[in-house]
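S.K.: give the three-dimensional model of this entry:
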Amino acid sequence: MNPATDMHAAQLLWLMQLASPALPVGGFSYSEGLEAAVEHGWVNDEHSACEWLLDQLHLVQSRSEWPVVAQALRAWQHQDKLRLQELSDWVLHTRETFEMRLQTEQMGRSLLAWLRNHPSANTNDIDLCDSLPPTWPVAWALALHTHTIPVRNGVLACAFGWAENMVQAAMKSVPLGQLSGQRILAALSREIPEAVDHALAMPDNGQQAFSPRLAILSARHETQYSRLFRS
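M.R.: Numbers count the residues shown, from 1 in each chain. Prediction:
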């Protein structure tokens, strides 16, 4: 057996597990404003759902969440506690609504609870992340660090996991059929490498969180009369 090949396979399987919708962190319960967009008639079919998610991919995720994942992974590699604290604080301070903050905190803590059941995770690292307090992108970076995942591969997996959850949200809230969902997922997958490379090219502290329309929708969703999702 080739140890190098085995390690590569182990890393790949770890990434697949992290990106899976079956990961018990509650990602399936959030639509990140999509359900509110459906309620207001801005998303009503396959085409508008695809356009909405592509915009979210490039204007939100690649500018905020994924640069933080990349920067946090480097911080974990160097055990830079101050930088980890800065990144976690930035995430919390830039969540513009209660729902957005709830999502990053709840999913971050759930991921840490899941990591505690894996012998590969360092207890001290988990305790440090828990004290920041944890946010989703910083906790995800820790999960990558436990298996020495290369940064680009790790952020690609994070992006695909996000895309898969959002497509499922679109299928339930619009609603859409499975073939429509697969076409949207394929469209997102074609754009993900470019979005990830944009995130990786961003300098430290260059990330930004400015999506006022999404923030307004998220705030409205908090009091929406009928809803399936937590955001």
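S.K.: list the buried residues in the lowest-mean-pLDDT helix or strand in the chain.
M.R.: Every helix and strand of the chain was ranked by mean pLDDT, DSSP states H and E. The lowest is helix 3-19, at a mean of 79. Residues 11, 14-15, 18-19 are the ones in helix 3-19 that count as buried (16 or more other Cβ atoms under 10 Å). Placement of C-beta: from N, CA and C, glycine included.
S.K.: elements contacting the helix or strand hosting residue 100?
M.R.: In this structure, residue 100 sits in helix 98-115 according to DSSP states H and E. Helices and strands touching helix 98-115, as assessed by 3 or more Cβ pairs under 8 Å, 6 or more residues apart in numbering; DSSP states H and E, comprise helix 81-93, helix 123-131, helix 136-145, helix 212-221.
S.K.: repeat that for 7 Å
M.R.: Here helix 98-115 touches helix 123-131, helix 136-145, helix 212-221, going by 3 or more Cβ pairs under 7 Å, 6 or more residues apart in numbering; DSSP states H and E.
S.K.: reformat those as TSV; add mean pLDDT.
M.R.: Output for those, formatted as TSV (pLDDT from 0 to 100):
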stretch	mean pLDDT
helix 123-131	95
helix 136-145	97
helix 212-221	89
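S.K.: most tightly packed of those?
M.R.: Per-stretch averages of neighbours, counted by mean count of other Cβ atoms under 10 Å, single out helix 136-145 among the helices and strands packed on helix 98-115, with a mean of 27.
S.K.: now the helix or strand that that one is followed by: buried residues?
M.R.: Sequence order places helix 151-173 as the next helix or strand after helix 136-145, per DSSP H and E. Within helix 151-173, the residues that count as buried by 16+ other Cβ under 10 Å are 151, 154-173.
S.K.: all set, thanks.
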